[in-house]
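Chemist: Next input, structure requested:
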Amino acid sequence: MTLLAIESSCDDTGAAVFRDGQLLSNVVAGQAVHAQYGGVVPELASRAHQQHLLPVVTAALRQAGVDKKELSAVAVTQGPGLLGSLLVGHLFAKGLALALGVPLLTVNHMRAHVLAHFIRDPKPDFPFLCLTVSGGHTQLVRVLGALDMDILGQTIDDAAGEAFDKTAKLLGLPYPGGPRLDKLAQTGNPLRFSFPEGALEGFNFSFSGLKTAVLYFLKKQTATNPAFIEENLADLCASIQHTIVQTLLKQLKRAVQATGLRQVALAGGVAANSGLRRGLQELAKTEEWEVFIPDFEFCTDNAAMVGQSALFQYAAGDFASQLASPDPRLKLA
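Modeler: Below you'll find the model as predicted:
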């Protein structure tokens with residue numbers, strides 16, 4: 001069984017090829033055009049996907065040593081994501097599947113992040129807990145099976161990835177700010193400045209208050225010292241990162257205590273954050289959890305995770321019709 005998977009939910013164009021459950025290639029093209037605007041511009045993202053998709057798919061097939069006529073199925077991200085971006089990938093995948101006469105599988109992007117843990121060993125056993133942290137989502141998920149997941153808690157406003165990027169922008173860091181903030185934080189004092197944590201009742205999160213607190217704190221400090229940010233940049237980055245990480249780990253610890261599940265997984269683009277990875281591993285030692293974190297290439301948006309999710313759907317006979325359409329607000333159920 002040979003599967004081509006396509007990812008185009010935001011600003012990364014991805015294609016991956018699996019054969020008999022083994023990943024043969026995983027190609028991703030980013031979009032540098034958004035840097036000058038300080039964030040993703042949906043219309044520009046859609047146009048860039050149109051330019052990148054065919055070359056990325058061609059490269060993935062070539063690296064895998066697979067001809068398109070050998071494909072058994074085509075999978076694509078259905079949502080959530082930017083509607084224009086999703087449409088580009090969706091229409092390409094539908095057209096290819098129809099032309100080849102093979103099944104189409106539509107994949108939930110958030111489920112794919114969780115199932116990225118099954119691309120390579122070691123793999124968690126069902127059931128387990130997964131903290132999914134990305135630019136658009138922050139979720140605590142109880143994973144009962146590959147196609148059976150419950151959301152225990154999620155952000156009610158900004159996601160953790162947004163909090164990283166938006167506070168980085170307040171500090172004057174270029175887009176994408178999250179990775180740059182992480183790098184600077186590694187040389188700073190995480191306890192130098194105190195900011196409010198966004199852990200709510202139950203297992204939900206809120207990060208909009210952090211952004212506001214940082215904004216007013218910087219305004220106050222720069223009013224008396226215009227060079228305050230430059231002089232304290234590493235400590236500011238470390239303190240902001242510490243606040244976000246502690247919020248995430250606090251809710252994760254509560255979820256483990258409530259569910260009794262001691263296998264804990266980390267997923268999503270922010271899973272690449274060094275502070276979060278280190279904090280989770282330290283907490284796991286104290287609490288005696290078994291932790292699973294995907295390779296860096298499977299944390300950010302990529303087609304391999306879409307293909308892995310599609311493999312589970314293929315085995316379950318969960319195919320899509322040619323009437324399927326992308327859903328930018330698709331829920332994880």
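
Chemist: ok, Ser82 - contacts?
Modeler: Quick fix: residue 82 is Leu, not Ser. Residues near Leu82 by C-beta atoms under 8 Å, 6 or more residues apart in numbering: 9-10, 40, 42, 45-46, 328. All C-beta atoms are positioned from the backbone trio N, CA, C, and that covers glycine.

Chemist: who wins for most neighbours among those?
Modeler: Most neighbours among the contacts of Leu82, by other C-beta atoms under 10 Å: Ser9, with 28 neighbours.

Chemist: The contacts of Leu82 into a markdown table, with extra columns for secondary structure, pLDDT and distance to Ala159?
Modeler: Shown next, in a markdown table, are the contacts of Leu82 (DSSP: H, G, I helix; E, B strand; the rest coil; pLDDT from 0 to 100; distance: C-beta to C-beta, whole Å):
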| residue | secondary structure | pLDDT | distance to Ala159 |
| --- | --- | --- | --- |
| Ser9 | coil | 97 | 14 |
| Cys10 | coil | 94 | 12 |
| Val40 | coil | 89 | 13 |
| Pro42 | helix | 93 | 17 |
| Ala45 | helix | 94 | 18 |
| Ser46 | helix | 96 | 22 |
| Pro328 | coil | 96 | 15 |
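
Chemist: Output these as CSV; include the columns distance to Val76.
Modeler: Converted to CSV, these look like this (distance: C-beta to C-beta, whole Å):
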residue, distance to Val76
Ser9, 10
Cys10, 14
Val40, 20
Pro42, 18
Ala45, 16
Ser46, 15
Pro328, 14
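
Chemist: right, and the pair among those with maximum separation?
Modeler: Largest separation among the contacts of Leu82 by C-beta to C-beta: Val40 and Pro328, giving 13.3 Å.

Chemist: averaged over its residues, what pLDDT does the helix or strand hosting Val245 have?
Modeler: Assessed by DSSP states H and E, Val245 sits inside helix 233-259. For helix 233-259, mean pLDDT is 97.

Chemist: One more: stretch 110-127?
Modeler: 97.

Chemist: export that stretch as CSV, just CAs?
Modeler: Listed next in CSV are the C-alpha coordinates belonging to stretch 110-127 (Å, rounded to 0.1, in the frame of the first residue of the first chain):
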residue,chain,number,x,y,z
MET,A,110,-4.8,18.3,15.2
ARG,A,111,-5.3,14.6,15.2
ALA,A,112,-2.3,14.3,12.9
HIS,A,113,-0.1,16.2,15.3
VAL,A,114,-1.0,13.7,18.0
LEU,A,115,-0.4,10.7,15.8
ALA,A,116,3.0,12.0,14.7
HIS,A,117,4.2,9.9,17.6
PHE,A,118,3.6,6.7,15.6
ILE,A,119,5.8,7.6,12.7
ARG,A,120,8.9,6.2,14.4
ASP,A,121,9.8,4.4,17.6
PRO,A,122,9.4,4.7,20.5
LYS,A,123,5.6,4.9,20.4
PRO,A,124,3.2,5.4,23.2
ASP,A,125,0.5,2.8,24.1
PHE,A,126,-3.2,3.7,24.1
PRO,A,127,-4.5,5.3,26.2
